[in-house]
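Enquirer: Structure for this input, please:
(2 chains)
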Number of protein chains: 2
Amino acid sequence: MKKNLVKKEIVDRLLNFKKSEKFIPLHSPTFNGNEEKYLVDCVKSNFVSSVGEYVNRFERALESFTGIDNAILTVNGTSALHISLISLGVNRGDEVLLPAMTFVATANAISYIGAIPHFIDVNENTLGVDSDKLEEYLYKIVRIENDQAINVETGKIIKAIIPMHTFGHSVDMDKLHRVAKKFKLEIIEDSAESLGSKYNGKHTGKLSKLSAISFNGNKIITTGGGGAILTDSDELASKIKHFITTAKKPHKWEYEHDKVGYNYRMPAINASLGLAQLEQLAKFIKQKRELAKEYRKLFKNFEDAYIFKEPDYAKSNYWLNALILKDTNLSIRNYILKKTNLSGFMTRPVWKLISNLTIYKNSPSMNLDSSKSLENRIINIPSSPWLIK
Amino acid sequence: MKKNLVKKEIVDRLLNFKKSEKFIPLHSPTFNGNEEKYLVDCVKSNFVSSVGEYVNRFERALESFTGIDNAILTVNGTSALHISLISLGVNRGDEVLLPAMTFVATANAISYIGAIPHFIDVNENTLGVDSDKLEEYLYKIVRIENDQAINVETGKIIKAIIPMHTFGHSVDMDKLHRVAKKFKLEIIEDSAESLGSKYNGKHTGKLSKLSAISFNGNKIITTGGGGAILTDSDELASKIKHFITTAKKPHKWEYEHDKVGYNYRMPAINASLGLAQLEQLAKFIKQKRELAKEYRKLFKNFEDAYIFKEPDYAKSNYWLNALILKDTNLSIRNYILKKTNLSGFMTRPVWKLISNLTIYKNSPSMNLDSSKSLENRIINIPSSPWLIK
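Expert: From the prediction side, this is the model:
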C-alpha cells in the first residue's frame, strides 16, 4: 500500500472501532465491585492507615491470586523497585541492567541508591529483554571475580537485572535465568504491568526472588496509587516489611530503629480499594484478552502494521495493546497519533528510550538497535476492560 | 511527696480520667464528616489517582485554611521533607541541623540524599529548637565563606535547619530566623504535628520558605497516609510539583523527563478523605485545646509533674499532650508507662533521641543536655479529639 494510504487506512480502522462520540482514554479503571462498600467499611473500622486490617486482607488475596508466598504492599511501584534493590544488597556504584524501553521510574529507583542504570536491548518477539543478545554482550564486557560480574569497561560490579514484562507480556524467563545464573546477576521482575499474566502457567514473578507490581491509576487494577513486592522468600519478605516501616523494632512504646528506613507502606484505605479491584481481576483479564482479539481481527492480513500478540509461552493480561508499524516512518506514526487523539481516541507512542533522556545519556549501554526501531514504530491503543462488555 | 507515692498518685490521676472500661489509644482519628460521601464520590468520578479533582480541592482548602499560597500534596510527611531538602539544593555531603528529639523520619529524609544529620538541642519551654544555645554553638563551629556556613570541625557546608513544632507547639520562629539569617541557613519547618497551630497569629510554616505536614493515621487529620508541602513561593511550588511527578515535561503523549524524579504525589482517593477531615479541623482543635485544659486541671498545683502548656507566642493544636516529670527518674517513668498501658490507657515516652540510635550515633551533634533530660521525663498521654464531647 502507498504510504499516504497506509496512514489513512490505519486511522480509519482505529476510529471505526471507536463507534461512539465518547472520548476513549488509553486506559481507565472500572469500579463495578465492592469498591464503595470496602472504602466505607475501612473508614468505619477507624483503621485507614498502614496497620489496618485491609492491608492484611489485600496482601493475603494477592498471594492467593498469584501463588506467590508473600505479598508486601507499598505506596507505589517505584518504591517497590527501590526497596527490592536495597533488600538484595545493591549498593552505591553498582550497575543494574534494565531495558532502555521502559518507564523512567525503574532507572530512577536505581539512581536513588546511587547505583548506575545500564541499558540493554529488547526484542520484537517479546518486547522484553533479548536474552541471546544480552548473553553475547555480557561475554564481551564481563569478567567474573569472587563470584561477581565485573564490567571490565567501567570496573563496576554488575549486580542485578530488572526485566520488564512490557504491556503485560512475559519475558522469556527460562532463557533469562540461564544468562543471569552464568553472570551472577540477581533478578527483580518488573511486573508493574503484568499482574495476572503468566509464563508457562506460572504467575510472572514466581520464578524470581523478587517481583514488583504497580497499582497506579492506569494499571489493570488500581489502589489510587500503590504497589507491591512479591516473593517466595519469607526472609526477604520480613526484611522488606521492616525497611518500609521506618525500620522500627517491634515494641509497645519504644522507638528503636536499626536501619535508615522508609515510609513506604500502603495505607489501608488504598488497600480496601485494591481488594475490591482484585476480586474483579479475572473478569478484567478475560475482557482484555477478548479486546486484543478484536484488535487483531481489525488488522488481520494487514501488510503494514500488526497488533502485538503474546509469545507462545505466555498467557498475557494484555494490559495495553500495541499497534506496531512494520517500517520506521515517523511522519506516518505522528500522523496516526495526531488524528486519533484529535478524534477522542487516545493513543500514545511507547516511552522515549530512557537512554536518550539527558539525565541518563551518559549511562553504560549495549547496542540498542531493536529498541531504537521499536521506539518509532509502537503505538499504544485504548485498552480499558470496559471496551468489551 | 515521696517517690513511691508520686508514681502512684500520677497513675491514679490519669486512670481517674479514663472513666470507662474502653481502651483509650494515644490518638485515633474521628470520621464524623463527609469522609464516606467524598470517598464514594471520588470512586464514582473514576479519578482516584494523582490527577483527580480531589487533589486540587484538598490543596486549595489547605491553602485557604493556612493562609499559605501553595499546598502541594505528597504521599507522606517523609517524602515532603525529602523533596523540600532537594528543592532547596541540599546536596550529598552537606550537613542539615535537626533536633535530636524528633521522629527518625527527619534524619532519614536527610540521609536519602547523602546529606548528614547534625543534631541540636531543644529547650524545655517550647520543646523545640533552643535558638540561644544554637547561636552560641554555631559561633563556635561555623566559619562563613562565600555566603555559606562551613562547619570548621568537619569541613562540610551546613545548609539548612529543620525545626520541629513538637506535639503541635510552635518553635520561637522569630528568634530562629535571626540565627538562621546570621548563619546562612535555609529553614524547612517540620509541621508534621502542627497543622492548625499558630505562631504570633500566623499559621506554622507561614514564616519560612517551606513547611512539611503529615497526614499519617495518628495525626490531627488523616488521609490514611499522606503529607503536604506548604510554601508562599510559586517558583518553589512548581519546581516541587515537577519533582514529585517523575519530572515529566508536560506533553499530551511524549515522555520527556528532565530530572531524576519521584513518584510522590498523593492519590485523589486519599485527598478525598483529607478534604472531609479538614472540614472538621477547627472543631478538632477546639476539642483538643479543651482536653489540654482538662489535663492541666488534673495536675494543677501538683509538685512533681506538669502538663506542657503552649508558649505565650503560640496558639497550639495540642496534637499530643505531654506529662512532664520534674525530676529524672526512669523507674518512676517506667512504672507509669506500665501501669497505664496495662490498664488500657495508652501512654508513651517521647522518641528515643535520634542521636542515640546506632545508625546515627556518629553524626555531628551539639551538647544535648536538655534533650537528654526531657527524653527521660516526657510521657505522652491520650489526646484524641473525641475524648472531649
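Enquirer: Next secondary structure after the helix or strand where A:K44 lies?
Expert: Secondary-structure assignment from DSSP states H and E places A:K44 in helix A:35-45. Scanning forward in sequence from helix A:35-45 by DSSP H and E, the next helix or strand is helix A:53-66.
Enquirer: So which bits of that next one are buried?
Expert: Applying a neighbour-count criterion of 16 or more other C-beta atoms under 10 Å in any protein chain shown, one finds A:54-55, A:57-59, A:61-62, A:65-66 buried in helix A:53-66. C-beta coordinates here come from the backbone N, C-alpha and C atoms, glycine included.
Enquirer: can you tell me which two in these are farthest apart?
Expert: With distance counted by C-beta to C-beta, no two of the buried residues of helix A:53-66 lie farther apart than A:Y54 and A:T66, which are 18.2 Å apart.
Enquirer: Is the closest residue to A:S316 other than its chain neighbours in a helix, a strand, or coil?
Expert: For A:S316, the nearest residue in space outside its immediate sequence neighbours is A:E310; the separation is 4.0 Å by C-beta to C-beta, 6 or more residues apart in numbering or on different chains. Secondary structure of A:E310, reduced to three states by DSSP: H, G, I helix; E, B strand; the rest coil: coil.
Enquirer: For chain B, what's the nearest residue on the stretch 1-150 of chain A?
Expert: Distances between the stretch 1-150 of chain A and chain B by C-beta to the nearest C-beta are smallest at A:S49, namely 2.5 Å.
Enquirer: Near chain B, which residues of the stretch 1-150 of chain A are found?
Expert: Taking C-beta under 8 Å from any C-beta of the partner chain, the part of the stretch 1-150 of chain A that reaches chain B is made up of A:28-29, A:31, A:35-36, A:39-40, A:43-44, A:46-52, A:75-79, A:103-105, A:108, A:111-112, A:114.
Enquirer: Please repeat the previous calculation with a cut-off of 7 Å.
Expert: Counting by C-beta under 7 Å from any C-beta of the partner chain, the residues of the stretch 1-150 of chain A lying close to chain B are A:28-29, A:31, A:35-36, A:39-40, A:43, A:46, A:48-50, A:75-76, A:78, A:104-105, A:108, A:111.
Enquirer: just the helices in the stretch 1-150 of chain A please.
Expert: When secondary structure is read from DSSP state H, counting those that start in this stretch, the stretch 1-150 of chain A shows helices at A:3-18, A:35-45, A:53-66, A:77-87, A:105-112, A:131-141.
Enquirer: what do you get for the stretch 201-350 of chain A?
Expert: Secondary structure of the stretch 201-350 of chain A (DSSP H, counting those that start in this stretch): helices located at A:234-244, A:268-278, A:281-298, A:330-342.
Enquirer: Mind putting these into a markdown table with mean neighbour count, distance to B:L185 and mean pLDDT?
Expert: Putting the helices of the stretch 201-350 of chain A into a markdown table (neighbours: other C-beta atoms under 10 Å in any protein chain shown; distance: least, C-beta to C-beta, whole Å; pLDDT from 0 to 100) gives the following:
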| stretch | mean neighbour count | distance to B:L185 | mean pLDDT |
| --- | --- | --- | --- |
| helix A:234-244 | 17 | 31 | 96 |
| helix A:268-278 | 29 | 37 | 98 |
| helix A:281-298 | 17 | 51 | 97 |
| helix A:330-342 | 17 | 48 | 95 |
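Enquirer: nearest to chain B, of the ones you listed?
Expert: Across the helices of the stretch 201-350 of chain A, the minimum distance to chain B, taken as C-beta to the nearest C-beta, is reached by helix A:268-278, at 3.7 Å.
Enquirer: Mind listing residues that contact that closest one?
Expert: By C-beta atoms under 7 Å, 6 or more residues apart in numbering or on different chains, the list of residues contacting helix A:268-278 from outside reads A:33-35, A:38-39, A:41-42, A:47-50, A:52-55, A:57-58, A:61-62, A:65, A:73, A:215, A:221-224, A:226, B:48, B:224, B:269-270, B:273.
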